[in-house]
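J.: No sequence on hand, only this structure:
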């Protein structure tokens, strides 16, 4: 399953949500589908997408918040899962693309994945950890149709959810994001000041 195909499947539904991505491949591929003011690409802050998303979800409980993360980032901040579960915002969905590598820092180079694997490559189950932390809904998916169904159901639902998608360790075609970090920093909160809600 390809990460980009997963993003394409849910892209139309992200309009009106507050979307926070982690750095690297996830951000670049979401951007490649078409930038929106409600997308925040959290560059240079590996592991903190869920923390930023939680803050937004608590501050704007009527707006759906979608955090799009990676396995390497989640593993850097496993405490983020327990904090999300403890706070239990019913308007937050945590999507984790698990390619079992530190792709954006070299794991996707030819042969590189063999030496830049994450703990999920040797059995760590992020959905299982989320469930044990107290997420009311956490599941792992391996097929595109299953991902689309689970992700859209979570986005349309009203409970804290974690969807872990096992995807190929494949680099994006480009890492170009033609939105300056400072511009994104101001554009995103302006978008959150507009009337929004759980759609």
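T.: Thanks, I have the structure now. The structure presented is a predicted model; accordingly, all values stated were derived computationally and were not measured.

J.: Now the residue nearest the centre of the chain, what are its backbone angles?
T.: The centroid of the chain falls nearest to residue 68 when counting by C-alpha atoms, centre = their mean (1.0 Å). Geometry field for residue 68 lists phi and psi as phi -110, psi 110, criterion degrees, to the nearest 10.

J.: Could you report the separation of it from residue 132?
T.: 22 Å (C-beta to C-beta, to the nearest Å). Placement of C-beta: from N, CA and C, glycine included.

J.: How about residue 141?
T.: According to C-beta to C-beta, residue 141 and residue 132 sit 19 Å apart.

J.: try residue 96
T.: Residue 96 sits 15 Å away from residue 132, going by C-beta to C-beta.

J.: With neighbour numbers in mind, choose between those two.
T.: residue 96 (28 against 13; other C-beta atoms under 10 Å).

J.: quick one, helices of the protein?
T.: With helices called from DSSP state H, the chain shows them at 3-10, 25-32, 49-59, 71-76, 79-87, 126-133, 144-156, 181-193.

J.: Measure how far stretch 172-183 is from the centre of its chain, please.
T.: A distance of 17 Å separates the centroid of the chain from that of stretch 172-183, by C-alpha atoms, centre = their mean, to the nearest Å.

J.: Buried residues of that stretch, list them for me.
T.: Of the residues in stretch 172-183, those buried under the neighbour-count criterion (16 or more other C-beta atoms under 10 Å) are 172, 177, 179.
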